[in-house]
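[1] fold the stuff below for me.
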Amino acid sequence: MTESLFRRNTIALALCAASSLAVGLPAAAQDARPVRILANWFAQPDQAGYWQAQQDDLGKTSGLKITVLQGGPKIQTIPQVASGQAEFGIGNADDVLLARLRGAPVRAVFSPLDYVPYSLVYHADPAVKSISDLQGRTFAVNIGNAYWEWAKKQYKLANSREIPVTGDLSLFRNDPKMVQQGYSLYLPARMEEAGIKVQQITLASLGYRPYNVLFTTDEMIQKNPVLVKATIAAVQKGWAQYVRNPSGLKSMFAELNKQISPAVYDAANKEMIEKLISHDLGRIGCMSDARWSELAGQLRSVAFLPAAFNERQAYDRTLVPGCNP
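    A predicted model of the protein is given here:
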């Protein structure tokens with residue numbers, strides 16, 4: 001996420017508006033407290049547990065009505081949640097760290113996926129044995145993004161050409177030396193469906209593993225801890241129910257996001273359940289100080305965070321049921 005997303009006026013609005021969220025839980029189910037979760041993209045499987053919580057009304061017993069709001073290219077979950085437009089947002093741990101640095105009062109509270117599935121996808125080429133073999137190629141990326149700056153420095157890719165990434169696969173198809181960023185859950189499968197043979201290198205395999213997180217504001221945690229804990233418990237249950245029946249949301253996602261075909265949906269589910277979600281369903285959402293420290297160190301290595309920054313201000317891992325604080 002770039003500097004432009006956190007302009008001073010956005011942060012000022014966030015600081016002023018967050019206090020409007022300070023309300024308690026209702027006493028009766030008919031007066032259920034609305035809880036909005038703002039997604040960072042259109043509906044897709046890496047959001048599955050939240051949609052499951054909405055579909056199964058899993059907040060009902062705690063007096064909550066959970067609603068997931070679709071994201072998209074114009075949605076910026078961190079400033080929008082910080083300014084009170086939703087109680088919770090979906091994001092990436094590196095973005096949350098950078099938001100805290102710039103003054104946004106947001107804090108990660110839950111991590112259903114062990115890492116954000118960042119990937120670099122390239123045309124199938126048996127000569128490529130490692131990321132170093134991609135040196136000098138054109139990379140379609142979010143220019144200035146933390147993961148890309150880290151990868152460039154760590155693997156000496158600075159001489160490669162960078163262009164802004166788009167959703168148009170034709171540029172990639174027509175350039176056999178192009179590398180495109182995406183999520184390992186979707187982009188390779190979408191390209192294979194389009195008849196493009198590809199391979200990929202995941203950022204997690206290179207050592208860059210920011211959590212995928214649910215976040216809220218400091219104000220919410222301080223003034224509505226019961227609501228925050230009840231929401232987290234509901235979405236934790238939602239993720240567990242999704243793992244038990246991963247095809248249960250297939251028709252919903254088919255309606256909400258036409259880019260996710262049934263085959264892509266199935267491939268994403270398989271990777272998530274095998275690699276990204278805790279096999280101990282009671283520990284879905286847990287985070288560790290060590291992983292946050294690792295990420296903060298990587299961001300310091302590319303001067304995204306100052307040495308004195310305390311990463312612990314960006315998360316609270318005491319709120320997830322079943323996790324040891």
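
[2] next SSE after the helix or strand bottoming out on mean pLDDT in the chain?
    Lowest on mean pLDDT, DSSP states H and E among the helices and strands of the chain sits helix 8-17, with a mean of 38. Using DSSP states H and E, the helix or strand that follows helix 8-17 towards the C-terminus is strand 33-38.

[3] can you list contacts of that following strand?
    Applying C-beta atoms under 8 Å, 6 or more residues apart in numbering, the contact partners of strand 33-38 are 23-26, 50, 59, 63-69, 71, 75, 77, 80-81, 85-90, 214, 227, 231, 235. In this view, the C-beta of every residue, glycine as well, is placed from N, C-alpha and C.

[4] so which of those sit within strands?
    The strands in this structure, assigned by DSSP state E, contain L64, K65, I66, T67, V68, L69, F88, G89, I90, L214 from the contacts of strand 33-38.

[5] are any of the contacts of strand 33-38 buried, and if so which?
    Buried members of the contacts of strand 33-38, counted by 16 or more other C-beta atoms under 10 Å: 25-26, 50, 59, 63-69, 71, 75, 77, 80-81, 85-90, 214, 227, 231, 235.

[6] pull out the buried positions in the helix or strand containing A254.
    Assigned by DSSP H and E, A254 belongs to helix 250-256. Judged by neighbour count using 16+ other C-beta under 10 Å, the buried positions of helix 250-256 are F253.

[7] buried sites along stretch 48-62?
    Buried residues in stretch 48-62, defined by neighbour count with 16+ other C-beta under 10 Å: A48, G49, Y50, W51, Q52, A53, Q54, Q55, D56, L58, G59, S62.

[8] which of these sit farthest apart?
    Using C-beta to C-beta, the two most remote members of those are A48 and S62, lying 20.7 Å apart.

[9] does the helix holding A254 pack against any helices or strands, and if so which?
    On a contact count with 3 or more C-beta pairs under 8 Å, 6 or more residues apart in numbering; DSSP states H and E, helix 250-256 meets helix 48-55, helix 262-271.

[10] how about a cut-off of 7 Å?
    Using 3 or more C-beta pairs under 7 Å, 6 or more residues apart in numbering; DSSP states H and E, the elements in contact with helix 250-256 are helix 262-271.

[11] and the next element down the chain from the helix it packs on?
    Toward the C-terminus from helix 262-271 - assigned by DSSP H and E - lies helix 289-301.

[12] which residues touch that next one?
    93-94, 97, 146, 150, 153, 208-211, 305, 307, 309, 311, 315 (C-beta atoms under 7 Å, 6 or more residues apart in numbering).

[13] ok, now which ones touch the closest residue to D175 other than its chain neighbours?
    Distances taken as C-beta to C-beta, 6 or more residues apart in numbering place T138 nearest to D175, at 6.4 Å, with adjacent residues excluded. Contacts for T138 (C-beta under 7 Å, 6+ apart) come out as R161, I163, D175, K177, M178, V179.

[14] the inter-axis angle of the longest strand belonging to the chain versus helix 289-301?
    For the chain, the strand with the greatest residue count under DSSP E is strand 106-113. For strand 106-113 against helix 289-301, the angle by axes from the mean of the first three to the mean of the last three C-alpha atoms, to 10 degrees is 120 degrees.

[15] then strand 106-113 to CSV, C-alphas only?
    Provided in CSV are the C-alpha atoms of strand 106-113 (Å, rounded to 0.1, in the frame of the first residue of the first chain):
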residue,chain,number,x,y,z
VAL,A,106,-5.9,0.4,13.4
ARG,A,107,-4.9,-2.9,15.0
ALA,A,108,-4.9,-6.5,13.7
VAL,A,109,-6.9,-8.9,15.9
PHE,A,110,-7.3,-12.2,13.9
SER,A,111,-5.4,-14.0,11.2
PRO,A,112,-7.2,-16.8,9.4
LEU,A,113,-4.5,-17.4,6.8
